[in-house]
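Asks: pasting a predicted model and its sequence here:
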Amino acid sequence: MINPRARPCAEGTIRSTPIVAGRSVSKKTWTLIAAILGTSTAFVDESVVNVALPAIETDLGASAAVTQWVVNAYTLCLSALLLIGGAAGDRYGRRRVFTAGLAVFAAASVWCAVAADVIQLVVARGVQGIGAALLIPCSLALIGATFEEAERGRAIGTWSGAAAIAGAIAPILGGFIVDHTTWRMIFLINPFLAIPAILIAQCLVTESRSLEAAAGLDWFGALLIFAGLGMVVAGVILAPRLSWTHPMIWGLLIAGVVLLSGFLAEASRSRAPLVPLELFRSRVFSGVNLLTFFLYGALGGAFFLIPFDLIQVHGYSATQAGAAFFPFTIIVGALSRWSGGLLDRFGARLPLIVGPSIVAPGFMLLALPGTGGGYWTTFFVPMAIVGFGMAVSVAPLTTTVMNAVDAQRTGIASGVNDAIATIASLLAVAIFGAVALQISAGALDRELATAALSAPARAALTGAEGTFVTEPALGSLQSADREIAAALIRESLATGIRAAFLLAAGLALAGAFCSAEMIKPKPARSRIGDAK
């Protein structure tokens, strides 16, 4: 890493002399504050948008497929460009790329707030993803470049804990805004966090970059992964409407797999690959990234569906749905600094087995509620359990990723790990949505076979298949038919969403298995890039 007191070493790396002056300590503090504010901007936005999705779908008259793209346009651009963001930070300066990402994110947020239709909203969300792809990996890389390895675990724990606390407040605030004003206002929260972060970074954070950064950026690789993931996701989202055997679905999925295979081939021969494949020669690095894929896939897919479950099945308001996330986020926030020390006490393996193993039963408990019951007896306990499991996992996971590489490659390692997390969420939103809709449609068809409903009511219910928000389809029905139809829809949606929560539990357990099998205590000098 580079700072004003750095000096080159014989091996070609950059190491820092010990930091003892009060001013240097202050630089550490301001770096941590800037990183917290910057990443909180992205995390808050993600939390708020999930709560607002039912209102967006209703207000803009969007289908479930289009609503999924409000989430996936963001995560697709984020996942495809995170690797560019990390590499750009290493090459051009982490502070510079971090502040540029914040500026793009804030401007795109304003665009989301004034979007005239759902197409503009989806495009603006994609631009938000581009900004997030620049700021997220560079925020962690700034921490990695500023804090010595012995301090890094607790610094990252503080970072993730503070961001989680912001995430705890955001859904409640967002739900209140949706209930009392309009969903458009939620996007105007972001500039209030982004502008102070930009000012602090520009004035009080030391620039850092890697002398070993690649001479160029692999834009062709980014295009391949963007197009490949986009086609796979489009195929999965369209499948419930067209059927999995439709030629278009097969064409999209096959084309996506071919493009992603081309991405791997490009990475293997490029002089400046988007993903240096030699990183995965480390069993620890490979194992922690597999864990990330399964664990964050489970979390992303489940958290996409929870607001629909709460609002459409259980009749919560947007504010109440936002508040339902509070146990999760407050537990992650309160315990993340503590969990940053678990790595020093127990090593990486144990926390990364135990954490996902706690998350899994939490998702199983989310699959139990039907269409009734109070919050304290249905959602509170599982959300708290999932939060505790993630608190045990997050800081050790992130620190393990960064400690598996030498200091000069923390930016790209962070970018790879963040990209895998967002790719997992991207695919999970598509797959979980498809699973929930497919099973819901089957359950609704079975109920309709015996339900005492008029022909218009049956037609309305059939037309409502393929969406999570059904009020518009029921608005023209007579009161008796409307009550029966609404009950049938709630039951069928609950059936589909419960199945998706069980899928999330299975993914979390798969992550725990990967940790047990692949993350072993490391011998001395085992990090990638260390001298042999």
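Replies: Perfect, thanks for sending it. Numbering: from 1, shown residues only.
Asks: contact partners for residue 240?
Replies: 434, 437, 438, 441, 466 (C-beta atoms under 8 Å, 6 or more residues apart in numbering). C-beta: built from backbone N, CA, C; applies to glycine.
Asks: can you give me the pLDDT of it?
Replies: pLDDT for residue 240: 76.
Asks: quick check: next helix or strand after the helix or strand in which it is found?
Replies: Per DSSP states H and E: residue 240 is located in helix 219-242. Downstream of helix 219-242, the next assigned helix or strand under DSSP H and E is helix 247-269.
Asks: follow-up on the earlier one: select from the contacts of residue 240 the one having the most neighbours.
Replies: Neighbour counts for those (other C-beta atoms under 10 Å) peak at residue 437, which has 26 neighbours.
Asks: next, the angle helix 219-242 makes with the helix or strand that residue falls within.
Replies: Under the criterion of DSSP H and E, residue 437 resides in helix 410-448. Relative orientation of helix 410-448 versus helix 219-242 (axes from the mean of the first three to the mean of the last three C-alpha atoms, to 10 degrees): 10 degrees.
Asks: could I get the buried residue list for helix 410-448?
Replies: 410-441, 443-444, 447-448 (16 or more other C-beta atoms under 10 Å).
Asks: packing partners for it?
Replies: helix 64-92, helix 118-146, helix 219-242, helix 283-308, helix 380-403, helix 455-464, helix 479-518 (3 or more C-beta pairs under 8 Å, 6 or more residues apart in numbering; DSSP states H and E).
Asks: and the longest one with helix 380-403, angle?
Replies: Going by the same axes, to 10 degrees, helix 479-518 is angled at 40 degrees with respect to helix 380-403.
Asks: I'd like the average pLDDT over helix 479-518.
Replies: 86.
Asks: can you check the first one too?
Replies: Average pLDDT, helix 64-92: 82.
Asks: can you list the buried residues in the following helix or strand past that helix?
Replies: Using DSSP H and E, the helix or strand that follows helix 64-92 towards the C-terminus is helix 94-114. Neighbour-count burial for helix 94-114 flags 94-109, 111-113 (criterion: 16+ other C-beta under 10 Å).
Asks: what does stretch 126-143 give?
Replies: For stretch 126-143, by 16+ other C-beta under 10 Å, it's 126-143.
Asks: can you show me the CA trace of it as CSV?
Replies: Output of stretch 126-143 as CSV, limited to C-alpha atoms (Å, rounded to 0.1, in the frame of the first residue of the first chain):
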residue,chain,number,x,y,z
GLY,A,126,-28.5,0.4,-13.7
VAL,A,127,-26.5,3.7,-13.5
GLN,A,128,-26.8,3.4,-9.7
GLY,A,129,-25.2,0.0,-10.0
ILE,A,130,-22.3,1.5,-12.0
GLY,A,131,-21.6,4.0,-9.2
ALA,A,132,-21.9,1.3,-6.5
ALA,A,133,-19.4,-0.8,-8.5
LEU,A,134,-16.8,1.9,-8.1
LEU,A,135,-17.4,2.9,-4.5
ILE,A,136,-17.9,-0.4,-2.7
PRO,A,137,-14.6,-2.2,-3.5
CYS,A,138,-12.6,1.0,-3.1
SER,A,139,-14.1,1.6,0.3
LEU,A,140,-12.8,-1.7,1.6
ALA,A,141,-9.5,-1.2,-0.3
LEU,A,142,-9.1,2.1,1.5
ILE,A,143,-9.4,0.4,4.8
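Asks: now that stretch, how far from the chain's geometric center?
Replies: 12 Å (C-alpha atoms, centre = their mean, to the nearest Å).
Asks: turn the helices and strands packed on helix 410-448 into CSV, columns for distance to residue 46.
Replies: Listed next are these as CSV, based on distance: least, C-beta to C-beta, whole Å:
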stretch, distance to residue 46
helix 64-92, 8
helix 118-146, 9
helix 219-242, 17
helix 283-308, 9
helix 380-403, 14
helix 455-464, 28
helix 479-518, 17
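Asks: for residue 57, which of those helices is the nearest?
Replies: Comparing the helices and strands packed on helix 410-448 against residue 57 with C-beta to C-beta, the closest turns out to be helix 64-92 (4.6 Å).
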